[in-house]
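In: need a structure here:
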Amino acid sequence: MTCEVCAINPYSHSFSPYATVGPITYYYTAPALATERIKTNEQYAMFKKHLDQAVHWIWIFDCSGMGVDHYTSIAFLQNIVGTLVTEHDNALQEVLIIHPSFWIHSAVWAMYPFMNANLHRKIRFIPNKKDLDLELLAKKVHMIA
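Out: Residues are numbered from 1 along each chain as shown. Alright, predicted model coming up:
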(Lines give C-alpha, C1' and ligand atoms only; values in the text may rest on other atoms or scores of the structure.)
Protein backbone atom coordinates (compact mmCIF):
# COMPACT_ATOMS: atom_id res chain seq x y z
CA MET A 1 0.00 0.00 0.00
CA THR A 2 1.25 3.45 -0.82
CA CYS A 3 0.05 6.91 0.03
CA GLU A 4 -2.23 8.86 -2.31
CA VAL A 5 0.60 11.18 -3.34
CA CYS A 6 2.90 8.31 -4.37
CA ALA A 7 0.05 6.59 -6.19
CA ILE A 8 0.18 9.54 -8.60
CA ASN A 9 3.97 10.05 -8.53
CA PRO A 10 5.96 7.08 -7.12
CA TYR A 11 9.00 9.33 -6.60
CA SER A 12 7.22 11.75 -4.25
CA HIS A 13 8.51 10.35 -0.96
CA SER A 14 11.28 7.90 -1.83
CA PHE A 15 10.24 5.11 0.52
CA SER A 16 10.25 1.76 -1.23
CA PRO A 17 10.98 -1.91 -0.52
CA TYR A 18 14.61 -2.63 -1.35
CA ALA A 19 15.42 -6.16 -0.15
CA THR A 20 14.25 -8.95 2.13
CA VAL A 21 15.92 -11.47 4.38
CA GLY A 22 13.54 -13.87 6.09
CA PRO A 23 10.64 -11.87 7.52
CA ILE A 24 12.56 -8.56 7.45
CA THR A 25 12.04 -6.04 4.66
CA TYR A 26 14.60 -3.33 3.95
CA TYR A 27 13.05 -0.01 2.91
CA TYR A 28 15.09 2.56 1.01
CA THR A 29 14.78 6.33 1.32
CA ALA A 30 16.85 8.89 -0.57
CA PRO A 31 15.65 12.44 0.13
CA ALA A 32 17.63 13.76 -2.84
CA LEU A 33 15.49 11.58 -5.13
CA ALA A 34 12.14 12.54 -3.60
CA THR A 35 10.15 15.06 -5.59
CA GLU A 36 8.15 16.33 -2.59
CA ARG A 37 9.65 18.10 0.41
CA ILE A 38 7.71 17.34 3.58
CA LYS A 39 7.05 20.60 5.38
CA THR A 40 3.48 20.40 6.73
CA ASN A 41 1.59 18.08 9.08
CA GLU A 42 -0.60 16.99 6.17
CA GLN A 43 2.48 16.03 4.12
CA TYR A 44 3.89 14.16 7.12
CA ALA A 45 0.59 12.25 7.49
CA MET A 46 0.94 11.11 3.87
CA PHE A 47 4.56 10.05 4.40
CA LYS A 48 3.61 8.24 7.62
CA LYS A 49 1.38 5.92 5.58
CA HIS A 50 4.60 4.43 4.22
CA LEU A 51 5.93 3.81 7.72
CA ASP A 52 2.61 2.24 8.70
CA GLN A 53 3.03 -0.47 6.05
CA ALA A 54 6.32 -1.69 7.54
CA VAL A 55 6.05 -4.70 9.85
CA HIS A 56 9.53 -6.13 10.55
CA TRP A 57 11.84 -3.74 8.83
CA ILE A 58 15.17 -2.02 8.41
CA TRP A 59 15.33 1.53 7.11
CA ILE A 60 18.12 2.42 4.69
CA PHE A 61 18.42 6.19 4.64
CA ASP A 62 20.68 7.33 1.80
CA CYS A 63 22.09 10.84 2.20
CA SER A 64 23.96 10.93 -1.11
CA GLY A 65 23.20 13.96 -3.21
CA MET A 66 21.46 15.78 -0.38
CA GLY A 67 21.68 19.53 -0.57
CA VAL A 68 20.36 22.28 1.66
CA ASP A 69 16.91 22.05 0.04
CA HIS A 70 16.66 18.38 1.16
CA TYR A 71 17.25 19.10 4.82
CA THR A 72 14.14 19.09 6.92
CA SER A 73 12.80 20.90 9.95
CA ILE A 74 13.37 19.88 13.55
CA ALA A 75 9.58 19.48 13.87
CA PHE A 76 9.57 16.91 11.06
CA LEU A 77 12.47 15.03 12.65
CA GLN A 78 10.64 15.04 15.98
CA ASN A 79 7.56 13.60 14.24
CA ILE A 80 9.64 10.81 12.69
CA VAL A 81 11.42 9.99 15.94
CA GLY A 82 8.14 10.09 17.87
CA THR A 83 6.53 7.69 15.40
CA LEU A 84 9.50 5.32 15.47
CA VAL A 85 9.59 5.27 19.28
CA THR A 86 5.86 4.89 19.88
CA GLU A 87 4.73 2.80 16.92
CA HIS A 88 7.79 0.95 15.61
CA ASP A 89 9.88 0.22 18.69
CA ASN A 90 9.75 -3.54 18.15
CA ALA A 91 9.11 -3.65 14.39
CA LEU A 92 12.05 -1.47 13.35
CA GLN A 93 15.23 -3.53 13.51
CA GLU A 94 17.80 -0.93 12.37
CA VAL A 95 18.27 2.43 10.72
CA LEU A 96 21.22 2.31 8.31
CA ILE A 97 22.33 5.79 7.29
CA ILE A 98 24.59 5.68 4.25
CA HIS A 99 26.68 8.54 2.87
CA PRO A 100 26.12 10.46 6.14
CA SER A 101 26.84 14.16 5.99
CA PHE A 102 27.77 16.48 8.82
CA TRP A 103 24.17 17.72 8.75
CA ILE A 104 22.68 14.24 9.22
CA HIS A 105 25.12 13.45 12.04
CA SER A 106 24.08 16.72 13.69
CA ALA A 107 20.37 16.06 13.12
CA VAL A 108 20.60 12.59 14.68
CA TRP A 109 22.57 14.00 17.60
CA ALA A 110 19.92 16.73 18.08
CA MET A 111 17.19 14.05 18.18
CA TYR A 112 18.86 11.90 20.87
CA PRO A 113 16.85 13.52 23.70
CA PHE A 114 13.64 12.46 21.93
CA MET A 115 14.76 8.85 21.34
CA ASN A 116 14.53 5.93 23.69
CA ALA A 117 17.65 3.82 24.23
CA ASN A 118 16.31 1.13 21.94
CA LEU A 119 16.05 3.45 18.92
CA HIS A 120 19.40 5.03 19.71
CA ARG A 121 21.07 1.59 19.56
CA LYS A 122 19.47 0.81 16.19
CA ILE A 123 21.04 3.73 14.30
CA ARG A 124 24.19 2.93 12.37
CA PHE A 125 26.21 5.10 10.01
CA ILE A 126 27.68 3.39 6.95
CA PRO A 127 30.20 5.42 4.91
CA ASN A 128 29.05 4.41 1.43
CA LYS A 129 26.75 2.18 -0.61
CA LYS A 130 29.52 -0.28 -1.43
CA ASP A 131 29.90 -1.09 2.28
CA LEU A 132 26.12 -1.49 2.56
CA ASP A 133 26.01 -3.79 -0.48
CA LEU A 134 28.79 -5.98 0.96
CA GLU A 135 26.89 -6.23 4.24
CA LEU A 136 23.65 -7.17 2.45
CA LEU A 137 25.49 -9.74 0.34
CA ALA A 138 26.91 -11.35 3.49
CA LYS A 139 23.38 -11.57 4.92
CA LYS A 140 22.16 -13.21 1.68
CA VAL A 141 19.30 -10.79 1.20
CA HIS A 142 16.87 -11.05 -1.69
CA MET A 143 17.01 -7.80 -3.66
CA ILE A 144 13.65 -6.32 -4.66
CA ALA A 145 14.77 -3.19 -6.47
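In: make it CA atoms for all contacts and neighbour counts henceforth
Out: OK.
In: and the helix or strand encompassing residue 120, what's its mean pLDDT?
Out: Element membership for residue 120 (DSSP states H and E) is helix 117-122. What helix 117-122 shows for mean pLDDT is 95.
In: Just the pLDDT at residue 83, thanks.
Out: 90.
In: Can you get me a residue count around it?
Out: Counted by other C-alpha atoms under 10 Å, the residues lying close to residue 83 total 15.
In: can you map out the strands along the protein?
Out: Counting by DSSP state E, the chain has strands at residues 16-21, 24-29, 57-62, 92-98, 123-126, 142-143.
In: Would you reformat those strands as CSV and include mean neighbour count and distance to residue 133?
Out: Formatted as CSV, the strands of the chain follow (neighbours: other C-alpha atoms under 10 Å; distance: least, C-alpha to C-alpha, whole Å):
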stretch, mean neighbour count, distance to residue 133
strand 16-21, 18, 11
strand 24-29, 21, 12
strand 57-62, 22, 11
strand 92-98, 21, 11
strand 123-126, 16, 10
strand 142-143, 14, 10
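In: Make JSON lines from those and add distance to residue 51 to it.
Out: Formatted as JSON lines, the strands of the chain follow (distance: least, C-alpha to C-alpha, whole Å):
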{"stretch": "strand 16-21", "distance to residue 51": "10"}
{"stretch": "strand 24-29", "distance to residue 51": "9"}
{"stretch": "strand 57-62", "distance to residue 51": "10"}
{"stretch": "strand 92-98", "distance to residue 51": "10"}
{"stretch": "strand 123-126", "distance to residue 51": "16"}
{"stretch": "strand 142-143", "distance to residue 51": "20"}
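In: Looking at these, spot the one closest to residue 85.
Out: With C-alpha to C-alpha as the measure, strand 92-98 is the member of those nearest residue 85 (9.3 Å).
In: so what secondary structure elements neighbour that closest one?
Out: In terms of contact count using 3 or more C-alpha pairs under 8 Å, 6 or more residues apart in numbering; DSSP states H and E, strand 92-98 is assigned the packing partners strand 57-62, helix 117-122, strand 123-126.
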